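Engineer: build me a model from this:
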Amino acid sequence: MNGQNRKDIYAGLEVGIILKKDQRSGNITYGIVKDLLTSSAFHSRGIKVRLDDGQVGRVAEIVED
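Structural biologist: Numbering: from 1, shown residues only. The predicted structure is shown next:
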């Protein structure tokens, strides 16, 4: 599942994000969502979130259980 729809993402969800510094390389950082920063319902490059550890990036993937 991709992270383009805001309705699919909520606090406490485990996700993989791409940090601003990793946009070229595509490195994915995993963590738990703390805050949703994108207010629109859809974003083509992924919903922007803040993780529990404070890192900010766009959701590339949602980790399934």
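
Engineer: list the contacts of the nearest residue in space to residue 28 that is not next to it in sequence.
Structural biologist: Excluding its sequence neighbours, the residue lying closest to residue 28 (CB to CB, 6 or more residues apart in numbering) is residue 16, at 4.1 Å. The C-beta positions use only the backbone N, C-alpha and C, and glycine is treated the same way. The contact partners of residue 16, by CB atoms under 8 Å, 6 or more residues apart in numbering, come to 28, 29, 30, 59, 60, 61, 62, 63.

Engineer: now do the SS call for residue 7.
Structural biologist: Following DSSP: H, G, I helix; E, B strand; the rest coil, we place residue 7 in the helix state.

Engineer: about what we covered before: in the contacts of residue 16, find the pair that's most separated.
Structural biologist: 29 and 62 (13.9 Å; CB to CB).

Engineer: pLDDT value on the residue nearest the centre of the chain, please?
Structural biologist: The structure's the chain has its C-alpha centroid closest to residue 59; by CA atoms, centre = their mean the separation is 2.4 Å. Listed pLDDT for residue 59 reads 97.

Engineer: and it, what element?
Structural biologist: Using DSSP states H and E, residue 59 falls within strand 56-62.

Engineer: show me which positions of that strand end up buried.
Structural biologist: 57, 58, 59, 60, 61, 62 (16 or more other CB atoms under 10 Å).

Engineer: hey, what's the last one bridged with?
Structural biologist: Beta bridges link residue 62 to residue 15, judged by DSSP bridges.
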